[in-house]
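Asker: for reference, the sequence and a predicted model appear below.
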Amino acid sequence: MAANLDYAYDQYLKIHEARAVPAIGRFKEKLKNSSFAYGRFTVPAFYKAYFVTPKQQHLLKRAAATFSQILNKTARLYFEETQLRSHFRLSPEAEELVQIDPGYSQHVVFSRFDALLEGESLKLLEFNCDAPAGAAYADQMEAAFLSEELVWPFAEEHHLAASERVQSILSTLLSVYEEFGGYETPQIAIVDWRHARTAAEFEHMKSHFESKGYKTTIADPRELQYKGGKLYHKGFRVHLIYRRVIFDELLERLDEVQDLLRAYKDKAVCVVNPLRSRLAASKSIFSLLTTPEFDRFFTENENAMKRQHLPWTRCLSDAEDFYGHRKVFLIDFLKDEKDTIVLKPSGSSHGARRVHIGRETPDGDWNAVVDKALKEEDWVIQEQVSVPAMTVPDVVNQKLDFIYKKYNFNMLVFGGKYAGGFVRLSDESVINVATGGGLMPALWSDVAPEHFGA
């Protein structure tokens, strides 16, 4: 049986071990630069890519388009079905912000679906629809990997195709700006706090946007000034904002960002993602999407995709009956089902540090997490999905070695379309760059798997 491309790549490195060992060291050094920083750290990278097959590419494109429709529809339900509003768990201040009409139709423009992809099994664990990160890091890593002399013959033989993720961001921004009614060539502001750990991404994007003829600034939202019906950053007129500042953090500093909010309310500036994207960003909407009584709001195809690709999820606060409408005592359920469930806060800005996998958490710690979750209530229970692992090349004692890492697949979905992806890897099942993981670009091949040589 023909080997797959992942195996073929490992074999290729083994055949060229004498060149691979120094190349891996040089590659890691090459990435130790400021454009590849996450805060004070260099994002760990591996001398490999995740190879997406044509069948997987088709699946990813289909899932991106369908779940983009589902998320936009779910956000619309907030406005159209007032009895469902409690499912979104918004404070009065947050409700006020999502009520602001952004001046265009999509509620979610940029998203990143954090998924587990193994073969043709795809499970979506989280929708990052607020201010998703990672596109520029993936582009840079991909460029670095494909520029490796040792990689060239392999990439050429297997028709590996790069993704232009940052260019997709720009194209999507411009298309939304056009729908918004913008007619001047827009001057763009990438907006996040001054000391955001992903600042390296912003620099890379700024330079790409400017290379395409769009003047760009990187702005802290507190530095924006609204005067005479126009928004400025230090004298620089802003028509279009690529919002990277997280909704919940804006909420905490409302009094400091009033100029930005006034300009947004007056439609003096086009802001993407709109603040309404927060409606699709909470993990609690998985409960709405996986509860059959809400299927009536979705098409047959959307319901089929939900059943196939979403793990069963319930909010703790309204979790009275679970499997097959069988009433359970919640504490007993959380303890009895420990090995099959995950507990996590439903907020969109908690990151991976507070995700607790039952089967990997000692009983005493699990009981403490259950107590905390029951007190706070704003948590979700999710069916646990096994995290796949893959081999990555490493150098041990000047010899080529392969180590296993767990990984998740991050689908970038811009304007309803799949815009490429990347993989995060870790020794832990809860995978996050902020908690010591690493990154790898996703490259796809237009060659059918049966043509992959060993």
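Answerer: Received it, and whenever you're ready, just let me know what you need.
Asker: apart from its neighbours in sequence, what residue is nearest the spatially most central residue of the chain?
Answerer: Residue closest to the mean C-alpha point of the chain, counted by CA atoms, centre = their mean, is residue 112 at 2.9 Å. The spatial neighbour of residue 112 that comes closest, neighbours along the chain excluded (CB to CB, 6 or more residues apart in numbering), is residue 132 at 3.6 Å. For glycine as for every other residue, the C-beta is placed from the backbone atoms N, C-alpha and C.
Asker: and what of residue 192?
Answerer: Per CB to CB, 6+ apart, closest to residue 192 is residue 244, 4.1 Å.
Asker: what sits against the one you found?
Answerer: By CB atoms under 8 Å, 6 or more residues apart in numbering, the residues touching residue 244 are 131, 133, 190, 191, 192, 196, 198, 202.
Asker: what distance do you get for the residue nearest to the centre of the chain to residue 67?
Answerer: According to CB to CB, to the nearest Å, residue 112 stands 12 Å off from residue 67.
Asker: tell me, what's touching those two both at once?
Answerer: Residues within reach of residue 112 and of residue 67 at once, by CB under 8 Å, 6+ apart, are residue 413.
Asker: check the burial of residue 185 by counting its neighbours.
Answerer: 12 (other CB atoms under 10 Å).
Asker: got the end-to-end distance for stretch 239-252?
Answerer: Length of stretch 239-252, first residue to last, CA to CA, to the nearest Å: 25 Å.
Asker: so how far is it from its chain's centroid?
Answerer: On the basis of CA atoms, centre = their mean, to the nearest Å, stretch 239-252 sits 16 Å off its chain's mean C-alpha point.
Asker: buried ones in it?
Answerer: 239-251 (16 or more other CB atoms under 10 Å).
Asker: next one: stretch 168-180
Answerer: Buried residues in stretch 168-180, counted by 16+ other CB under 10 Å: 168, 169, 170, 171, 172, 173, 174, 175, 176, 177, 180.
Asker: of those residues, closest to residue 277?
Answerer: Of all those, residue 176 has the smallest distance to residue 277: 11.9 Å, by CB to CB.
Asker: one step back: burial count for the residue nearest to residue 112?
Answerer: Residues within reach of residue 132, counting by other CB under 10 Å, total 21.
Asker: that one belongs to a strand?
Answerer: No: the assignment for residue 132, made by DSSP: H, G, I helix; E, B strand; the rest coil, is coil rather than a strand.
Asker: can you read off the pLDDT for it?
Answerer: As predicted, residue 132 sits at a pLDDT of 94.
Asker: now the strand or helix carrying residue 127: mean pLDDT?
Answerer: Under the criterion of DSSP states H and E, residue 127 resides in strand 121-128. Averaged across strand 121-128, the pLDDT comes to 93.
Asker: can you list contacts of the helix or strand following it?
Answerer: As assigned by DSSP H and E, the chain's next helix or strand after strand 121-128 is helix 135-146. With CB under 8 Å, 6+ apart as the test, helix 135-146 has contacts from 27, 30-31, 35-36, 38, 43, 45, 47-49, 151-152, 155, 160, 162-166, 168-169, 200-202, 204-205, 208, 412, 419-422, 439-443.
Asker: about what we covered before: flag every buried residue along the strand holding residue 127.
Answerer: In strand 121-128, counting by 16+ other CB under 10 Å, buried: 122, 123, 124, 125, 126, 127, 128.
Asker: and the fifth one, bridged to which residues?
Answerer: Using DSSP bridges, the beta-bridge partners of residue 126 come out as residue 114.
Asker: related to what we said a few turns ago, in strands only, show me the buried residues of stretch 239-252.
Answerer: Assigned to strands by DSSP state E, the following of these qualify: 240, 241, 242, 243.
Asker: count of neighbours near the closest residue to residue 158 other than its chain neighbours?
Answerer: Of all residues not flanking residue 158 in the chain, residue 445 sits nearest, at 5.0 Å (CB to CB, 6+ apart). Number of residues near residue 445 (other CB under 10 Å) recorded here: 21.
Asker: which stretches in the stretch 251-400 of the chain count as helices?
Answerer: Secondary structure of the stretch 251-400 of the chain by DSSP state H, counting those that start in this stretch: the helices cover 258-265, 278-281, 285-289, 300-309, 330-336, 363-376.
Asker: the helix ranked longest in the chain vs strand 121-128, what angle?
Answerer: In terms of residue count, the longest helix belonging to the chain (DSSP state H) is helix 54-80. On the basis of axes from the mean of the first three to the mean of the last three CA atoms, to 10 degrees, helix 54-80 is oriented at 40 degrees to strand 121-128.
Asker: helix 54-80 - contacts with which helices or strands?
Answerer: The contact analysis (3 or more CB pairs under 8 Å, 6 or more residues apart in numbering; DSSP states H and E) places helix 54-80 against strand 110-118, strand 121-128, helix 278-281, helix 285-289, helix 300-309, strand 399-414, strand 417-426, strand 438-445.
Asker: circling back to that earlier point, out of the contacts of residue 244, who's nearest residue 358?
Answerer: Nearest to residue 358 among these: residue 133, at 28.0 Å, using CB to CB.
Asker: ramachandran coordinates for the closest one?
Answerer: Torsion angles at residue 133 (phi, psi; degrees, to the nearest 10) stand at phi -110, psi 170.
Asker: so where is the chain shaky, pLDDT-wise?
Answerer: Low-confidence segments of the chain (pLDDT under 70): 1-3, 34, 318-329, 347-353, 377, 432-437, 446-454.
Asker: tell me the most buried of the helices of the stretch 251-400 of the chain?
Answerer: Stretch with highest mean neighbour count among the helices of the stretch 251-400 of the chain: helix 278-281 (a mean of 28; mean count of other CB atoms under 10 Å).
Asker: how far is that one from where the chain is centred?
Answerer: Distance, stretch centre to chain centre, for helix 278-281: 13 Å (CA atoms, centre = their mean).
Asker: please export the C-alpha coordinates of that helix as CSV.
Answerer: The C-alpha coordinates for helix 278-281 follow below in CSV (Å, rounded to 0.1, in the frame of the first residue of the first chain):
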residue,chain,number,x,y,z
ARG,A,278,-18.9,38.1,20.2
LEU,A,279,-22.3,36.4,19.9
ALA,A,280,-20.7,33.5,18.1
ALA,A,281,-17.5,33.4,20.2
